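**Q** The following comprises the amino acid sequence and a computationally predicted model.
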Amino acid sequence: MPKFLLKRWHGLHIVWIFALMTILIFILMWYQWVIGVIALFLCGILAYFTLQAEQAFRKDLNHYVGTLSHRIKRAGNEVIHELPIGILLYNEEKMIEWHNPFVAKMVSKETLIGEPLIEVFPALKARKEKDVRLEITVGKSIYLVQVKPDERLLYFTDITAFKTLSARYEEERLAIGIVMMDNLEEATQGMDDQTRSIMLARVTGEITEWAQKNNVYLRRTASDRYLILMNQKGLKSLEQSRFEILDEVRDLTIENKLPLTLSVGIASGIDSLTELGQLAQTSLDMALGRGGDQVAVKVGERLSFYGGRSNAIEKRTRVRARVISHALRDLIKECDKVIIMGHRYPDMDSIGAAIGVLKAVHVSNKEGYIVLEGINPSIQKLMDTIYEDEKLNRWFITPEQAMQITNQKSLAVVVDTHKASMVAEPKLLQLTQRKFVVDHHRRGEEFIQDATLVYMEPYASSTCELVTELLQYFNDRLTMGVLEATALLAGIVVDTKSFSLRTGARTFEAASFLRRNGADSSLIQRLLKEDLDAYIQRSEVIKNAEILFDHIALAVTEPNRKYSQLLIAQAADTLLTMTGVMASFVISERPDGLIGISARSLGQMNVQVVMERLGGGGHLTNAATQLEGTIAEATQRLKEILSEMDSEEGLFE
């Protein structure tokens with residue numbers, strides 16, 4: 001305890017003693033006044049010395065307080081000057097009024113007082129009023145700035161070390177990938193063992209060299225599959241090179257009748273190794289579902305695709321079709337009823353495939369219904385024909401009716417799409433646990449979750465082709481009606497542009513099966529006849545076409561002129577028939593107020609990738625999207641994407 005505090009403690013006790021002594025002296029003087037006077041004299045002497053002690057105490061106290069205040073003030077100044085945090089005050093004109101030495105060291109100047117704040121720290125100019133914390137870079141250092149607008153005060157904290165460590169952590173995060181030769185069986189069919197071994201050795205050597213050059217750990221897990229490990233920094237390098245290994249392997253085997261192609265699925269951004277491995281397999285499934293010959297990279301929420309410039313290779317074996325057909329037959333037998341639906345405003349392929357699945361349900365002696373939401377003008381004539389057929393018409397229901405009869409024991413079959421948001425009634429998928437998806441589109445990021453059975457083949461010309469193959473293995477005694485077979489064949493005819501695009505050997509085999517079962521070609525011609533007004537409108541759209549990048553036709557309709565999505569697609573198809581045109585795009589406002597874009601190509605350009613960058617999707621040769629905004633904005637955005645792709649890797653093979 002300090003000396004003056006001890007004195008203060010004693011002084012308080014002395015006051016009480018003096019008070020008590022005074023009382024005793026007065027009592028004593030009442031009985032013995034002489035003794036009382038002597039006692040009073042002695043008490044006065046004691047009071048004198050006590051007063052001297054009190055004065056000494058106050059002097060010591062004032063000296064201590066003065067010394068302590070000086071020390072506190074000096075310590076405060078030293079703290080402000082030595083703090084590893086910058087402090088800066090500015091006035092209403094944003095001129096610097098005061099700062100501590102830390103701020104001066106930041107900019108390597110002795111003083112900043114009187115200088116404009118924005119000139120010294122230009123990064124603060126982009127600050128929004130609501131921003132109270134932001135990061136700026138000064139020289140080679142990064143600072144976190146905390147803004148106190150009411151006090152016109154800024155705090156600067158050096159976070160360079162943290163940012164460096166954070167960047168290093170992100171660069172060293174593990175990425176897992178799976179490399180697969182997606183058409184090894186088809187590419188090597190007919191080869192003798194020696195030729196096959198030589199080709200595989202060349203491909204393996206090419207992949208191994210690529211892995212060593214890019215610091216990628218490579219481990220072969222099967223004859224056609226590899227496991228690859230890398231860090232995030234290596235993954236970014238591969239993405240910048242756009243995975244040239246795809247082109248190198250394809251070019252290496254280009255002399256074969258069918259060149260060998262690779263599909264790669266990579267995952268990163270997750271700490272759990274188990275989830276990372278599962279995500280890598282999902283990414284590979286995504287790449288294969290989009291036709292192969294490409295890379296799918298999943299980093300956190302970001303999903304990117306590279307490659308995909310070639311058409312999917314047609315599978316020559318029907319083993320998968322037979323297995324799926326038998327699995328579908330078992331699913332139908334286990335359920336109480338089947339609800340079939342395609343995408344909203346279905347086209348010929350969607351309706352034809354739905355009718356084909358309905359046939360399989362009826363052959364199994366089960367109830368089946370087709371959910372119809374909206375009528376696409378392109379199928380109006382087919383629907384009119386169906387409405388006249390009492391046997392077939394009775395199985396078409398509305399989404400509201402389907403909601404009332406669907407339960408957990410029902411089977412939901414989705415045709416011609418794999419996106420839950422596009423089906424006729426998405427809520428139906430939540431009412432049942434059994435789901436079957438059959439589609440020929442390249443797989444997108446959105447996919448129907450928890451599907452019991454999936455049959456997706458991007459090489460197929462249409463969903464009708466896939467359903468026809470399933471019917472061939474479904475029942476040996478299956479017979480089809482004329483309208484059923486015609487609807488399926490019409491879907492194939494429309495999607496292949498009368499067997500001119502995306503047509504393989506299995507497409508003709510499916511068409512042959514349908515013809516044997518009564519499909520009427522003349523009826524298809526009547527169903528697909530075009531109105532004269534529609535032809536004139538399409539001509540008006542085409543007359544505005546211009547040529548971009550030497551081989552791309554772009555037609556943009558006039559503002560406030562609305563055309564149906566069907567007419568927009570037909571105009572894109574027509575442009576593709578022009579000499580020198582390898583790809584076509586048509587942009588127009590639709591009746592619903594959205595801006596529709598239809599894209600077509602002959603295969604040298606992947607229009608699906610272009611449409612995906614605009615939020616759409618489709619096939620390598622057939623894709624579309626719908627946008628909000630104006631025609632001018634959509635046109636500008638499309639041209640920017642085409643320019644970016646041309647500068648990245650070229651638009652054409």
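**A** All right, it came through fine.

**Q** Leaving out sequence neighbours, find the closest residue to P559.
**A** Leaving aside its chain neighbours, P559 sits nearest to I631 (5.7 Å; criterion: Cβ to Cβ, 6 or more residues apart in numbering). (Glycine included, C-beta is placed from N, CA and C.)

**Q** Next, the contact list for that neighbour, please.
**A** Counting by Cβ atoms under 8 Å, 6 or more residues apart in numbering, I631 touches V556, T557, P559, I587, S588, E589, I595.

**Q** ok, now with 10 Å
**A** I631 sits next to V556, T557, E558, P559, N560, R561, I587, S588, E589, I595, I597 when contact means Cβ atoms under 10 Å, 6 or more residues apart in numbering.

**Q** after the helix or strand hosting A571, next one along is what?
**A** Using DSSP states H and E, A571 sits in helix 565-575. Counting by DSSP H and E, the next helix or strand C-terminal to helix 565-575 is strand 583-589.

**Q** I'd like to know which elements the next helix or strand after that following strand is packed against.
**A** For strand 583-589, the succeeding helix or strand toward the C-terminus, using DSSP H and E, is strand 595-601. Counting contacts by 3 or more Cβ pairs under 10 Å, 6 or more residues apart in numbering; DSSP states H and E, strand 595-601 is packed against strand 552-556, helix 565-575, strand 583-589, helix 607-613, strand 617-618, strand 622-627, helix 631-648.

**Q** Name every sheet partner of strand 595-601 and say whether each one runs parallel or antiparallel.
**A** strand 583-589 (antiparallel), strand 622-627 (antiparallel) (DSSP bridges).

**Q** Now do L284: how many residues are near it, please.
**A** Neighbourhood size, L284 [other Cβ atoms under 10 Å]: 24.

**Q** how much space is there between the nearest residue to it once chain neighbours are set aside and L246?
**A** Using Cβ to Cβ, 6+ apart and skipping residues adjacent in sequence, the residue nearest L284 is G265, 2.8 Å away. To L246, G265 is 13 Å away according to Cβ to Cβ, to the nearest Å.

**Q** Identify the contacts common to the two.
**A** Shared contacts of G265 and L246 (Cβ under 10 Å, 6+ apart): Q294, V295.

**Q** sorry, back to before: kindly state the pLDDT recorded for the residue nearest to P559?
**A** I631 is assigned a predicted lDDT (pLDDT) of 92.

**Q** what's the answer for the one 5 residues further on, then?
**A** pLDDT, Q636: 93.

**Q** Can you spell out the domain ranges of this protein, please?
**A** For the chain, the structural domains run 3-81, 85-164, 172-307, 319-527, 532-648, going by automatic domain parsing.

**Q** which of the ones you listed has the lowest average pLDDT?
**A** Looking at these, the weakest mean confidence is domain 3-81, a mean of 65.

**Q** Give the full set of residues in contact with T621.
**A** Contacts of T621 by Cβ under 10 Å, 6+ apart are 311, 497, 501-502, 576, 583, 599-608.

**Q** What of K427?
**A** K427 neighbours (Cβ under 10 Å, 6+ apart): P399, A402, M403, T406, A420.

**Q** give me that answer again for 7 Å
**A** Contacts for K427 (Cβ atoms under 7 Å, 6 or more residues apart in numbering) come out as M403.

**Q** State the distance from it to L328.
**A** K427 is 23 Å from L328, by Cβ to Cβ.

**Q** Please apply the same query to D193.
**A** Counting by Cβ to Cβ, the separation of D193 from L328 is 37 Å.

**Q** quick one, which of the two is more surrounded?
**A** Ranked by neighbour count (other Cβ under 10 Å), D193 and L328 place L328 first, with 27 against 8.

**Q** correct me, but the more buried one touches V467?
**A** No: with contact defined as Cβ atoms under 7 Å, L328 does not reach V467; the gap is 9.9 Å.

**Q** All the helices of the stretch 101-250 of the chain, residue numbers only.
**A** Taking DSSP state H, counting those that start in this stretch, the helices of the stretch 101-250 of the chain run over residues 101-107, 117-120, 160-171, 184-187, 193-213, 232-240, 245-252.

**Q** Identify all contacting residues around the first one.
**A** Outside of helix 101-107, the residues within contact range by Cβ under 7 Å, 6+ apart are H81, L83, P84, I85, G86, L88, E110, T111, L112, V120, V138, F156.

**Q** Phi first, then psi, for the most centrally placed residue in the chain.
**A** For the chain, the residue nearest the mean C-alpha position is R302 (4.2 Å; Cα atoms, centre = their mean). With angles defined as degrees, to the nearest 10, R302 sits at phi -90, psi 130.

**Q** Please enumerate residues in contact with stretch 595-602?
**A** By Cβ under 7 Å, 6+ apart, the residues outside stretch 595-602 that reach it are 565, 568-569, 572-573, 576, 582-590, 607, 610-611, 614, 621-627, 629, 631, 634, 638.

**Q** what do you get for stretch 163-179?
**A** By Cβ under 7 Å, 6+ apart, stretch 163-179 touches 142, 207, 225-233, 235, 262, 264-268, 276-277, 280-281, 284.

**Q** before we move on, back to that, emit the PyMOL select command for whichever of the contacts of I631 are buried.
**A** Buried residues among those (16 or more other Cβ atoms under 10 Å), as a PyMOL selection:
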select buried, resi 556+557+587+588+589+595+597
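
**Q** The contacts of I631: which two are farthest apart?
**A** N560 and I597 (17.5 Å; Cβ to Cβ).

**Q** Can you pick out the most distant pair from the contacts of T621?
**A** K497 and N606 (18.2 Å).

**Q** The two: who's more crowded?
**A** A side-by-side neighbour count of K497 and N606, using other Cβ under 10 Å, places N606 first with 29 against 17.

**Q** For V494, grab the count of nearby residues.
**A** 21.

**Q** which residues touch stretch 278-289?
**A** Residues outside stretch 278-289 that contact it (Cβ under 7 Å, 6+ apart): 176-178, 180, 182, 263-267, 270, 294-298, 442-443, 456, 458.

**Q** Could you export that stretch as PDB, CA atoms only?
**A** The C-alpha trace of stretch 278-289 is given here as PDB (Å, rounded to 0.1, in the frame of the first residue of the first chain):
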ATOM      1  CA  GLN A 278     -18.400 -39.100 -54.300                       C
ATOM      2  CA  LEU A 279     -18.500 -35.700 -55.800                       C
ATOM      3  CA  ALA A 280     -15.800 -36.600 -58.300                       C
ATOM      4  CA  GLN A 281     -17.800 -39.600 -59.400                       C
ATOM      5  CA  THR A 282     -20.900 -37.400 -59.700                       C
ATOM      6  CA  SER A 283     -18.900 -35.000 -61.900                       C
ATOM      7  CA  LEU A 284     -17.800 -37.900 -64.100                       C
ATOM      8  CA  ASP A 285     -21.400 -39.100 -64.400                       C
ATOM      9  CA  MET A 286     -22.300 -35.500 -65.400                       C
ATOM     10  CA  ALA A 287     -19.600 -35.500 -68.100                       C
ATOM     11  CA  LEU A 288     -20.700 -38.900 -69.500                       C
ATOM     12  CA  GLY A 289     -24.400 -37.800 -69.300                       C
END
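
**Q** still on that earlier bit, mind listing which of the contacts of stretch 278-289 are in strands?
**A** The strands, defined by DSSP state E, take in 176-178, 180, 263-267, 294-298, 456 from the contacts of stretch 278-289.

**Q** buried subset of those?
**A** Buried members of these, counted by 16+ other Cβ under 10 Å: 176-178, 180, 263-267, 294-298, 456.

**Q** Identify the residue spatially nearest to I113, adjacent ones excluded.
**A** Nearest residue to I113 in three dimensions, chain neighbours excluded: I96, at 5.6 Å (Cβ to Cβ, 6+ apart).
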